[in-house]
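S.K.: mind looking at a prediction? Sequence and model below.
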Amino acid sequence: PSGPPSRRRKVIVTRDLGPNVMPLLHTRKGLDVVLWREDRTVDRDWLLQNIAGASGVLVMFTDKIDKDLLDAAGPALRVVSTMSVGYEHADLPQIAKREIRFGYTPDVLTSAVADLSVMLALMAGRIAGEVISLVQESKWPSVSWAPFGLCGPQLSTTHLSPTRTVGFLGFGRISQATLARLIPFGITHCIYTSAPNSPPTETRDTELATQHKLTSVRRVDIDTLARESDVLFVLTPGGENTRHLVDESFLRKMKRSSVLVNTSRGTVVDSSALAKALREGWIWGAGVDVVEGEPQVTAEHPLVKEPRCVVLPHVGSGTFETRLGMATLAVNNLLAGLDIDGQMPAELDL
Ligand code: DGY
């Protein structure tokens, strides 16, 4: 029987998404899945070569989606889907200009990143880097226990410190989930900054304060955020608009007892300024899951060398459940971009 010739579409996938998720693509009729099989970030040259003529590409936040790559893909490209909530690596104006659909993975990782943000706040306050290395270097016997030895500021309120202000640089889903996790610690005040020109939020803030029994939830300017936060969470998207918002002048305004946590993008914080702030005691401690220039962060990096800085290798979303959710959503976004219905994995075998 004659009919329209079947047109197969090529999709590129830059990491193996595992046995639960890859079948969602492999079992689709009409798709040629071209997979980078190695267990490391895709080689740029491989991607540039293989993307030619592709209809869709599923990438990680480690893969740069810029003009050169979009040019190499050519006019067939309908969708870019990233397995990340962040999109600093993607040139959105270029993508929009070519009317390419763009998918990302919000919501599914909110809880995991909020969990890790609280973990880092606790670790930084309680000098986890210093005390863990002390044990690992067999120094526990010589240090032993001392009444005021190896102490840090308490995250939870006490009768001696009955108020606690948490600050958020950016107040989206992950910030609000982090705030919710901190309520049992007795947090009393919440302050945050939002993008300039974002709509008024007073009604929402009053509701949040009532819901969490907080004294206040307030949108403030960036100087107030620096000055008043006991714990400051950096949770704003990366990119040119937010680059080095946390710089030397910001850090100099912070309380000496305060803790800074960054679980968003390394570019928001000036690493050299943060290392100096820790070295010179402008702030108490820091916990960072992201560092500008990652993954080129070695033992020689100024932040890694700082005992008061806990540095993690970008593992905020790193739970099996969350990564499975992200991979599934990234595949379904890719399929939706090609006007194919998505589905859930047959098994959730972690
Ligand atoms: C993201 O999704 O943007 C995180 O940084 C990695 O999970």
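M.R.: Here it is on my side, so go on.
S.K.: longest helix of the chain?
M.R.: Longest helix in the chain by number of residues (criterion: DSSP state H): helix 320-337.
S.K.: which parts of the chain sit against the ligand?
M.R.: Selection of the chain residues close to the ligand by CB under 6 Å from any ligand atom yields 61, 84-86, 109, 316-317. The C-beta positions use only the backbone N, C-alpha and C, and glycine is treated the same way.
S.K.: for Val269, which non-adjacent residue is closest in space?
M.R.: Using CB to CB, 6 or more residues apart in numbering and skipping residues adjacent in sequence, the residue nearest Val269 is Val246, 4.3 Å away.
S.K.: burial measure for the one you found, as a count.
M.R.: By other CB atoms under 10 Å, 26 other residues sit near Val246.
S.K.: pop out the phi and psi values for it.
M.R.: Dihedral pair for Val246: phi -90, psi 100, per degrees, to the nearest 10.
S.K.: then Ala72?
M.R.: As for Ala72, its main-chain torsions (degrees, to the nearest 10) stand at phi -60, psi -30.
S.K.: wait, it touches Leu48, no?
M.R.: Yes. Contact criterion CB atoms under 8 Å: Ala72 and Leu48 qualify, at 4.7 Å.
S.K.: give the contact list for whichever residue of the stretch 101-250 of the chain sits closest to the ligand.
M.R.: Using CB to the nearest ligand atom, the single residue of the stretch 101-250 of the chain nearest to the ligand is Leu109, 5.6 Å away. Residues near Leu109 by CB atoms under 8 Å, 6 or more residues apart in numbering: 85, 316-317, 322, 325-326.
S.K.: same check on Gly170?
M.R.: Gly170 is in contact with 192-195, 234-237, 242, 264, counting by CB under 8 Å, 6+ apart.
S.K.: what subset of these is buried?
M.R.: Listed as buried from the contacts of Gly170 are 192-194, 234-237, 242, 264; burial here means 16 or more other CB atoms under 10 Å.
S.K.: looking at those, which are in helices?
M.R.: In helices, judged by DSSP H, none of those are found.
S.K.: did I read that right, Val80 in a strand?
M.R.: Yes. Assessed by DSSP: H, G, I helix; E, B strand; the rest coil, Val80 belongs to a strand.
S.K.: and it, what are its bridge partners?
M.R.: Here Val80 sits in beta bridges with Val57, Phe102, going by DSSP bridges.
S.K.: what about Thr267, distance to Arg44?
M.R.: From Thr267 across to Arg44, the span is 20 Å (CB to CB, to the nearest Å).
S.K.: more neighbours: those two, which one.
M.R.: Using other CB under 10 Å as the criterion, Thr267 and Arg44 rank with Thr267 on top: 21 against 12.
S.K.: excluding its backbone neighbours, what's nearest the residue of the stretch 101-250 of the chain closest to the ligand?
M.R.: Leaving out its chain neighbours, the residue that sits closest to Leu109 by CB to CB, 6+ apart is Ser317, at 4.0 Å.
S.K.: my guess is the one you found contacts Thr110. True?
M.R.: No. Distance between Ser317 and Thr110: 9.3 Å, which falls outside the contact criterion (CB under 8 Å).
S.K.: can you give me the strands in the stretch 201-350 of the chain?
M.R.: If DSSP state E, counting those that start in this stretch is used as the criterion, the strands of the stretch 201-350 of the chain fall at 216-219, 231-234, 259-262, 285-288, 309-311.
S.K.: now mean pLDDT and distance to Leu25 too, for those, in TSV please.
M.R.: Formatted as TSV, the strands of the stretch 201-350 of the chain follow (pLDDT from 0 to 100; distance: least, CB to CB, whole Å):
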stretch	mean pLDDT	distance to Leu25
strand 216-219	97	43
strand 231-234	98	35
strand 259-262	98	34
strand 285-288	98	34
strand 309-311	98	35
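S.K.: dump these to CSV, plus distance to Leu150.
M.R.: Below are the strands of the stretch 201-350 of the chain laid out as CSV (distance: least, CB to CB, whole Å):
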stretch, distance to Leu150
strand 216-219, 34
strand 231-234, 20
strand 259-262, 16
strand 285-288, 13
strand 309-311, 15
